[in-house]
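Participant: Below are the sequence and a predicted model; questions follow.
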Amino acid sequence: MHLYPRFADHIATALDQLVAAGDLPAGLATGGVTLEPPRDASHGDLATNAALVLAKPAGMKPRDIAVMLAQQLVRLPDVESAEVAGPGFLNLTLRDAVWQGEIAAIAAEAADYGRSGIGAGRTVNIEYVSANPTGPMHMGHCRGAVVGDALASVLAWAGYGVTREYYINDAGGQVDTLARSAHLRYREALGETITIPEGFYPGDYLVPVGEALAAEFGPRWVDAPEAEWLALFRARAVALMMVRIRADLELLGIRQDVFFSEASLGPKVQAALDTLTAKGLIYEGVLEKPKGEAAEDWEARPQTLFRATQFGDDSDRALKKSDGSWTYFAGDVAYHWDKLTRGYAALVNIFGADHAGYVKRMTAAVRALSDGQVPLDIKIVNLVKLLRNGEPVKMSKRSGNFVTLGEVVDEVGKDVVRFMMLVKRPESPLDFDFAEVARQSRENPVFYVQYAHARIASLGRKVVEAGLALPAADLGLLDAVDLAPVKLAAQFPRIVEQAAEAREPHRIAFYLHDLASAFHTLWNAGNDDPARRVVRADAPALTAARLAMANAVGQVLRNGLAVMGVEAAEELS
């Protein structure tokens, strides 16, 4: 068991002992009790709010409970001291043997250190990217793709059964436009000079699609009426574009499990709405005029409506258009109904900021369809602004009106792109400056973390170069300065669990930056004082102990980067 749950158990046992002794009343709810590192490291290694949480229901003063709890915990062989602070916080300082044991645990668990079973195999469907198959992946898709994929990885590390899903928007007018644009490129591939009309997709990325269609069909569909080739070209163009999109995702190391076609919904729309009808949640009515909308843009007419307001939405939602076709929302209801029929315990959607208005209606629909049994968590991902030395990046000629993801990965690499997409909370805007991410400085978070790992990797080479024969590591030789990074490394399992529970993969990036900083501080201490260096030719036993410590930190850095889908650098040029 990792350090934090182990000491949480110690606190629970100590509280039980106080209850058994009659010092605390029985039946106290302990759900709000936390165990975490103190904000100020000088206050100790662990802090708990147990006394503050239990004081009111116990009818006692917080400090009185904290003193009794301290007396119980200080008896543990792993606890050096237990001090009551402020109104009733309890700070624990642990013996060095605890941190020495954590170094051994990291070495033993290696690439699995930080994995957790809190998910207990519960199934989670994470839908992300879900871009229209009308063009290649661009940087507008990139952040949501990385956030979704990293979240899937975090949940898998925490013991959930994860399905990564992509919703293919292959129905509606945009795919008809794609088919017509592909038909133009098909004619071009057969030797015709073409002009691309306004409203078509102009990017050169459709040139190979046209060439593939020309190779498959020859001139058969050149002069044929649109009605004869539109459906065929739509299906072929979508399939060919999805090959391109999958390849683009692969550039980021993203491999999704399910690609769900919107066009396949068909009768599922009616089946989903039948489910809501059976619950009495569909009715015919007239919606009130939306606030701020011009009268000429709104029509007071009877519509088929879903009672979304019963489930927290601001308005009931229309399911049919005036021409009798389904609304976009009706298709989304059917899609989530399909997910629910597949038996997931929880659903997560990654939405772009332009879809923030859909959050309430979709969570309402899932609550209604699942009778509140399956939570839907929707994460909003904000825009990425591409810059070069602070100036906006010009659009790509090959793509038509955007910079492709492939172009960005080609320039800076997959690992830089993935890491940078997670250095801020996803709902915050993000600037991606090509010059900044290439700069080797402390201000560049990618370099800063990778440099810490590269420094650790260099230590083994230094031992070999120095011709040192090292004994087995005696971790008792490590002092408080040596152990400081280990205390942070030991938080990794806790960080993984917190990131999974909060559905916030960026917490891993924040943590890795802190861990890298702790190791850089240790390294710089060795630059100032040779006695503090990890590799010392005059002290092989101390070198062995410090190398074990550094390798433990390096292992945690590798594991954290692996969760993010980033490879750890062995060397930096």
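Facilitator: Sure, I can see it. Residues are numbered from 1 along each chain as shown.
Participant: And the helix or strand harbouring residue 230, what's buried?
Facilitator: According to DSSP states H and E, residue 230 maps onto helix 226-251. For helix 226-251, the buried set under the neighbour-count rule, 16 or more other CB atoms under 10 Å, comprises 229-230, 233-234, 236-238, 240-242, 244-245, 248-249, 251. Every residue, glycine included, has its C-beta placed from N, CA and C.
Participant: repeat for stretch 208-221
Facilitator: Counting neighbours by 16+ other CB under 10 Å, one finds that the buried residues in stretch 208-221 are 209, 210, 212, 213, 214, 217, 221.
Participant: any idea which of the residues you listed is closest to residue 188?
Facilitator: residue 210 (5.7 Å; CB to CB).
Participant: who touches that closest one in this structure?
Facilitator: The neighbourhood of residue 210, defined by CB atoms under 8 Å, 6 or more residues apart in numbering, consists of 182, 184, 185, 186, 187, 188, 189.
Participant: coming back round to it: after the helix holding residue 230, which helix or strand is next? Please name it.
Facilitator: strand 258-261.
Participant: Walk me through which strands that following strand pairs with, and which way each runs.
Facilitator: Taking DSSP bridges as the criterion, strand 258-261 pairs within the sheet with strand 161-168 (parallel).
Participant: For the strand it pairs with, give me every contacting residue.
Facilitator: Applying CB under 8 Å, 6+ apart, the set of residues contacting strand 161-168 is 119, 121-130, 133, 148-149, 152, 155-156, 238, 242, 254-263, 335, 339, 344.
Participant: hmm, back to that, quick one: which of the contacts of residue 210 is most hemmed in?
Facilitator: For those, counting by other CB atoms under 10 Å, the largest number of neighbours falls to residue 186: 28 neighbours.
Participant: could you check the angle strand 161-168 makes with the strand or helix carrying that one?
Facilitator: Applying DSSP H and E as the criterion places residue 186 in helix 173-189. Regarding helix 173-189 and strand 161-168, their directions subtend 70 degrees when assessed with axes from the mean of the first three to the mean of the last three CA atoms, to 10 degrees.
Participant: which residues does the spatially most central residue of the chain contact?
Facilitator: Per CA atoms, centre = their mean, the C-alpha nearest to the average position across the chain is that of residue 151, at 2.8 Å. Residues near residue 151 by CB under 8 Å, 6+ apart: 126, 128, 348, 350, 379, 503, 504, 505.
Participant: picking up where we left off before, Throw the contacts of residue 210 into a markdown table and include pLDDT and distance to residue 554, thanks.
Facilitator: Supplementary listing: the contacts of residue 210 in a markdown table, determined by pLDDT from 0 to 100; distance: CB to CB, whole Å:
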| residue | pLDDT | distance to residue 554 |
| --- | --- | --- |
| 182 | 98 | 50 |
| 184 | 98 | 54 |
| 185 | 98 | 50 |
| 186 | 98 | 54 |
| 187 | 98 | 57 |
| 188 | 98 | 54 |
| 189 | 98 | 52 |
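Participant: for those residues, which one is nearest residue 291?
Facilitator: Nearest to residue 291 out of these is residue 182 (CB to CB; 41.4 Å).
Participant: Now do the contacts for the closest residue to residue 316 other than its chain neighbours.
Facilitator: Nearest residue to residue 316, sequence neighbours excluded (CB to CB, 6 or more residues apart in numbering): residue 305, at 4.5 Å. For residue 305, the contact set (CB under 8 Å, 6+ apart) comprises 282, 283, 284, 285, 287, 316, 317, 318, 319.
Participant: same check, this time on residue 206
Facilitator: Residue 206 makes contacts with 181, 182, 185, 237, as judged by CB under 8 Å, 6+ apart.
Participant: cool, and residue 85?
Facilitator: Under the criterion of CB under 8 Å, 6+ apart, the neighbours of residue 85 are 43, 47, 91.
Participant: for residue 318, same thing?
Facilitator: With contact set as CB under 8 Å, 6+ apart, residue 318 has these partners: 287, 303, 304, 305, 327, 329.
Participant: Just the buried ones from these?
Facilitator: 287, 303, 304, 305, 327, 329.
Participant: Now the first one. Its backbone dihedrals?
Facilitator: The one in question is residue 287. Backbone torsions for residue 287, taken as degrees, to the nearest 10, come to phi -80, psi 150.
Participant: From what I see, it and residue 302 are in contact.
Facilitator: No - in terms of CB atoms under 8 Å, residue 287 does not count as a neighbour of residue 302; the distance is 9.8 Å.
Participant: rewinding a little: in CSV: the contacts of residue 85, plus distance to residue 524.
Facilitator: As requested, the contacts of residue 85 are exported to CSV (distance: CB to CB, whole Å):
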residue, distance to residue 524
43, 24
47, 28
91, 28
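Participant: of those, closest to residue 518?
Facilitator: The closest of those, once distances to residue 518 are taken by CB to CB, is residue 43, at 17.1 Å.
Participant: And that closest one, what's its pLDDT?
Facilitator: Predicted confidence (pLDDT) at residue 43: the value is 93.
Participant: All the strands of the stretch 401-550 of the chain, in order from the start?
Facilitator: For the stretch 401-550 of the chain, applying DSSP state E, counting those that start in this stretch gives strands covering 430-433.
Participant: Tell me the secondary structure at the residue of the chain most remote from its centre.
Facilitator: When each C-alpha in the chain is compared with the mean C-alpha position (CA atoms, centre = their mean), residue 223 comes out farthest, at 48.9 Å. Taken by DSSP: H, G, I helix; E, B strand; the rest coil, the conformation at residue 223 corresponds to coil.
Participant: For it, what are phi and psi?
Facilitator: Listed backbone geometry of residue 223 is phi -110, psi 10, with angles given as degrees, to the nearest 10.
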